[in-house]
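>>> From the sequence below, what's the structure:
(chains A and B)
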Amino acid sequence: MPVVLARIDDRLIHGQVTVGWSRQLRPDRIVLANNEVAADRWQSRVYASSVPPEIAVSILPVARAAAFLADPENIDERVLLLTASAVEMNELVRIGAPVGAVNVGGMHFGPGKREMLPFVFVDEADLKAFGRLLDMGTELSAQQVPGGREYTVDRQRLQGMEANP
Amino acid sequence: MIRALVMTHGDIGLELVRVVKMIIGPVDGLTAMSNAGLSGPDLQAQVAGWLDDGDGDGGGELIFIDDYGGSCASAALIACGGDGCRAVISGVNLAMLLGYVTWRENTDNRELAAKLVQKGREAITLVGGR
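Numbers count the residues shown, from 1 in each chain, chains lettered A, B, ... in the order given. Model prediction:
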């Protein structure tokens, strides 16, 4: 299954995904990998109803999402994969989701978070997750919308954050 | 009194509410909120805080959003938790907000929501050209 975009975005399914990226990438399916949303029927219904009818949607716990993405039965679909956090994306890749590159699309400010980029705020857990994704050979870049400025997220950038806590 | 929250991308809602007050004068219970810079969970918490502020008043709440399918819509619906007493209306425009201020004292929440949807649709019309 080709994952045409694997995106970290704490707003999950919203306009930048369903209009911005989907208009360009034409995914057949959006896979939202999030344990909390998958366990909550109302949240699942709200997010599923936000997806245009021509795109299928699967809202799954992280482990099931990894299995779904790795299943050869689903090879023909173009998938846009979403997680809310770097930690979840790291877990997905660690347990076998076929993801070679990750788009960091939106990690907003919160308690304990520091600005890495104008739309990316991180804490120590995020930095560790980014580091582990790089260790596994995953490419990381940050870009909110198609055509917007793209930033490389590499060792140097992570070390810069670690050096300035 | 039925309170209302106008929750939108950027400053759309802030400006709409400012213009309503410019036309009508001070309006209690009409609040604007932007999604700028907030995570999904923080947006939900912000809406939940606004809903909690009105507990005990009994008049009910309406939430206007700008576009269905976006972060404002998801946050509003998740914060309301499927509570049918709290209407969430998409596609907010100035005519709807003026209707809200005009009708909110004499209408129950469900009826008001239906009237505002109708009012908003009627405001979208081709008034020139072909």
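
>>> Buried ones in the helix or strand of chain A with the lowest mean pLDDT, by neighbour count?
Taking mean pLDDT, DSSP states H and E as the measure, chain A has helix A:155-163 as its least confident helix or strand, at a mean of 91. If you call a residue buried by 16 or more other Cβ atoms under 10 Å in any protein chain shown, then helix A:155-163 has these buried ones: A:157, A:158, A:161. Heads up, the C-betas are built off the backbone N, CA and C, glycines and all.

>>> Could I get those in JSON lines, plus columns for distance to chain B?
What follows is the buried residues of helix A:155-163, written out as JSON lines (distance: Cβ to the nearest Cβ, whole Å):
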{"residue": "A:157", "distance to chain B": "21"}
{"residue": "A:158", "distance to chain B": "21"}
{"residue": "A:161", "distance to chain B": "19"}
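
>>> Now stretch A:8-15: average pLDDT?
Averaging pLDDT along stretch A:8-15 yields 98.

>>> Next up, phi/psi of the residue in chain B positioned nearest to chain A, please.
Closest contact between chain B and chain A, by Cβ to the nearest Cβ, is at residue B:39 (3.7 Å). Main-chain dihedrals, residue B:39, degrees, to the nearest 10: phi -70, psi 170.

>>> cool, and residue A:58?
phi -130, psi 130.

>>> Can you get me a residue count around the closest residue to residue A:150 other than its chain neighbours?
In this structure, residue A:150 finds its nearest non-sequential neighbour in residue A:143, 4.2 Å apart by Cβ to Cβ, 6 or more residues apart in numbering or on different chains. Applying other Cβ atoms under 10 Å in any protein chain shown, we find 17 residues neighbouring residue A:143.

>>> for residue A:61, same thing?
By other Cβ under 10 Å, neighbour count at residue A:61 equals 15.

>>> Would you mind naming the residues that bridge with the residue minimising distance to the centre of chain B?
Centroid-nearest residue in chain B, with Cα atoms, centre = their mean: residue B:64, separated by 2.3 Å. The partner list for residue B:64 in beta bridges (DSSP bridges) reads residue B:6, residue B:89.
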